[in-house]
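In: Any chance you could fold what I've pasted below:
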Amino acid sequence: MKGARLSGWGGDKADCPLVKDLTDLGTAYAVPAGVTDPHLPQRLVAPPPGWVATADVIVVGSGIAGLTAALKLRERVDRVLLVTKTVLSEGSTEWAQGGIAAAMAPEDSPDEHFVDTLVAGVGLCDEDAVRALVEEGPARVHELIALGTQFDTDEVGAIKLTREGGHGQDRIAHARGDATGAEISRALIAQLRAVLSDPGIEVIEHALVVDLLKDEGGRVCGVTLHVIGEGEINGIGAGHARAVVLASGGLGQIYSSTTNPSVATGDGMAMCLRAGAVMGDLEFVQFHPTVLWLGPGASGQQPLISEAVRGEGAFLVDAAGERFMPAIHPQGDLAPRDVVARAIVARMAATGTDHVFLDCRHLGEEFLLARFPGIVRTLRDLGLDPARELIPVAPAQHYASGGVRTDLRGRTSIEGLYACGEVSCTGVHGANRLASNSLLEGLVFAHRVADDIVARFAAGELPPTEPAASGGPADACDSDHRLHIQTSMTKGAGAVRSAESLARTSRWLLAHADLPPTEAEPGPRTWETSNLLHLGQALTLAAQLREETRGGHVRSDFPDRADAWRGRLHLRRRDDGTLQVWFAKVPAQAAVEAAEARTAAHQSSEHDNLEHDNPQHQSPDPTPEQKEHPR
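Out: As a prediction, the model looks like this:
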């Protein structure tokens, strides 16, 4: 497809369609009998605000999306307030190892990146959102470089590009080997610190945002937040603003094991859910295939073994040393993440094991130390030598493909509220995120959010307003229940789900939700636990409704993809606390259908080869050629 233009797309940002009708949610979908419809509160139990901060725009979160939005807004609006849950450098961006995807190589093109993204999304991507991502992405990455981000380069100064699962070209830019997110954070934070003396921008760290504030007309005009600190600003306060930008990250801590940091408790998603914002694609949770297996019962944040390791030539083997991915997908070990994760789960079930292995011994110690210094250091600290030993891996929660539904400007269904990054659902990822598209999405759509807010302010829109008195039912779930909520979600709504497991999880979560709020002491741990509970209830409902397997949603009782389910589930809290559901069909995408046909033909061919006694997958030891040419 290189050289061809995308249908209906001129490649210039000015030509990109900006408007997506956020009121077009599809067809109302009745929750079937026997499926529990949760009742969610409108807000969390919290003391009244004891102080007020004001700004034109409040940005929540300090990952790539939040920092980019704050920096761009600071250039063009009078006052920006950036609030972050711990310190500026802590968040999911900091932990991103692999890199950022953009078509920057001469042999690559946005068209090919577009197709790879659609295929990974298994037919549910929003094509206009993907077009915006791939066309604007290269320029945005070059702007990161201009801001001081130092990507790895070759001997002539060109950016080194590698490949990850689902990509047909080398298009992943990386920094410090396997510390891309940390380097991007460093550069953006340095830019922010350089302007902190400017009265037009203020940063509040250690601030947990609790709920959204609305005016009498229902427009978002601020947040309540809890600051852990000393001095003038501490405890519960309020931030008032003409617009609020959520860039608060994902929900990884909803599960027992995740690659996400401890701050990823879904706070932004949950408060939008309670406020009545439309949510989309919540059931699509990406489980990264190669997370270091630390033994039975390991919980909390788990070490990630970047997909880039497979991009450089490592491969998966089972307990017998047999490769299994080449028979499953034309891209083998570099198939899209959902395909690899499902294959690992199936292999573990077939062999009665709880992990498989990643073999990168043939890459050699020198190469591994140079390319993946952080991963090698982590493994050696745990007593593993990747240059000499197989690495035990298993899937664990990694990324939420769904979130708060937005249009292509980052607007949500509630006036005055924007979202970008993992907290949002732009439609870019569909049912499964393409590797290294997450940093790019945060970057591209943060720019779009800033542009739209500036344009609206200039047009006199979103004038200053005052929050209405808080009302509606409030609730809270004590932090003592957090572990059981995580366990319930992992067992029933985790990597593999069924009607039985989801119903059981739904009952368990309902039992926590039915506890009186008076048993919970208001505070950060209670609010985080409540956020996990509310998101868990909504996610479980969406997973119960979708009776198929697609992308990050795997149903053991519905193991196949169903054309009738080629569409998106949208949810919104009603005034009575129940969830209203819609289903929006997505037209068939030719690129996805062609890829599925290739995969089916490949599997048929591999089956025929195995029938004729082909032992090609047994390769526990690297060949001399592999040692000399890793990829």
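In: switch to C-alpha atoms for all contacts and neighbour counts from now on
Out: Fine.
In: can you tell me which strand in this structure is longest?
Out: If you go by DSSP state E, the chain has its longest strand at strand 391-400.
In: send the alpha carbons of stretch 260-271 over as CSV?
Out: The C-alpha trace of stretch 260-271 is given here as CSV (Å, rounded to 0.1, in the frame of the first residue of the first chain):
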residue,chain,number,x,y,z
ASN,A,260,0.7,-0.9,35.6
PRO,A,261,2.1,1.1,38.5
SER,A,262,0.3,1.3,41.8
VAL,A,263,-1.3,4.7,40.9
ALA,A,264,-3.3,3.1,38.1
THR,A,265,-6.6,2.7,39.9
GLY,A,266,-8.9,4.0,37.2
ASP,A,267,-9.7,7.2,39.1
GLY,A,268,-10.4,9.3,36.0
MET,A,269,-12.5,6.7,34.3
ALA,A,270,-14.5,6.0,37.5
MET,A,271,-15.4,9.6,38.2
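In: what stretches of the stretch 1-150 of the chain score poorly on pLDDT?
Out: 1-19 (pLDDT under 70).
In: Tell me where it has helices.
Out: 64-74, 92-95, 110-120, 127-146 (DSSP state H, counting those that start in this stretch).
In: Tell me which other helices or strands the first one touches.
Out: Taking 3 or more Cα pairs under 8 Å, 6 or more residues apart in numbering; DSSP states H and E as contact, the helices and strands that helix 64-74 lies on are strand 57-60, strand 80-83, helix 180-194, helix 437-458.
In: Which of those comes out lowest on mean pLDDT?
Out: Confidence, taken as mean pLDDT, is least for helix 180-194 of those (a mean of 94).
In: buried set for that helix?
Out: For helix 180-194, burial by neighbour count (16 or more other Cα atoms under 10 Å) applies to 180, 181, 182, 183, 184, 185, 186, 187, 188, 189, 191, 192.
In: Show the backbone phi and psi for the nearest residue to the fifth one once chain neighbours are set aside.
Out: Distance criterion Cα to Cα, 6 or more residues apart in numbering; nearest residue to residue 184, sequence neighbours excluded, is residue 149 at 5.7 Å. Residue 149 adopts backbone torsions of phi -70, psi 130, taken as degrees, to the nearest 10.
In: Offset the numbering so it begins at 890, please.
Out: From this message on, residue numbering opens at 890, which makes the last subject residue 1038.
In: so what's residue 1038 up against?
Out: Each residue near residue 1038 by Cα atoms under 8 Å, 6 or more residues apart in numbering is listed here: 1072, 1073, 1075, 1076, 1077.
In: one step back: please tabulate the buried residues of helix 1069-1083 in TSV, including the columns distance to residue 1160.
Out: Converted to TSV, the buried residues of helix 1069-1083 look like this (distance: Cα to Cα, whole Å):
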residue	distance to residue 1160
1069	30
1070	26
1071	28
1072	30
1073	28
1074	26
1075	29
1076	30
1077	27
1078	26
1080	30
1081	27
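In: Tell me the one of the residues you listed nearest residue 1399?
Out: residue 1070 (37.2 Å; Cα to Cα).
In: pretty sure residue 1158 is in contact with residue 1311, am I right?
Out: No: counting by Cα atoms under 8 Å, residue 1158 sits too far from residue 1311 to count as a contact (9.4 Å).
In: ok, now how distant is residue 1114 from residue 1444?
Out: Noted for residue 1114: a distance of 38 Å to residue 1444, by Cα to Cα, to the nearest Å.
In: any chance you could map the helices in the stretch 1140-1289 of the chain?
Out: Using DSSP H, counting those that start in this stretch, helices in the stretch 1140-1289 of the chain cover 1156-1164, 1196-1200, 1226-1240, 1254-1260, 1262-1270.
In: Can you say which of these is nearest to residue 1452?
Out: Of all the helices of the stretch 1140-1289 of the chain, helix 1226-1240 comes closest under Cα to Cα, at 18.1 Å.
In: buried set for that closest one?
Out: For helix 1226-1240, the neighbour count (16+ other Cα under 10 Å) marks 1226, 1227, 1228, 1229, 1230, 1231, 1232, 1233, 1234, 1236, 1237 as buried.
In: same deal with stretch 935-955?
Out: Result for stretch 935-955 [16+ other Cα under 10 Å]: buried residues 935, 944-955.
In: What is the nearest of those residues to residue 1455?
Out: Nearest to residue 1455 among the buried residues of stretch 935-955: residue 954, at 29.2 Å, using Cα to Cα.
In: if I pick residue 1258, what's in contact with it?
Out: Applying Cα under 8 Å, 6+ apart, we find residue 1258 in contact with residue 1265.
In: Identify the bridge partners of residue 1307.
Out: residue 1134, residue 1300 (DSSP bridges).
In: ok, it - contacts?
Out: Residue 1307 touches 1132, 1133, 1134, 1135, 1295, 1299, 1300, 1301, 1338, counting by Cα under 8 Å, 6+ apart.
In: same thing but at 10 Å, please
Out: Residues in contact with residue 1307, defined by Cα atoms under 10 Å, 6 or more residues apart in numbering, are 948, 1109, 1132-1136, 1293-1296, 1298-1301, 1313, 1335, 1338-1339, 1341-1342.
In: now swap in residue 918 and tell me
Out: If you count contacts by Cα under 10 Å, 6+ apart, residue 918 has them with 1434, 1458, 1459, 1460, 1469, 1470, 1471, 1472, 1473.
In: how about 8 Å then?
Out: Applying Cα under 8 Å, 6+ apart to residue 918 gives the contacts 1469, 1470, 1471, 1472.
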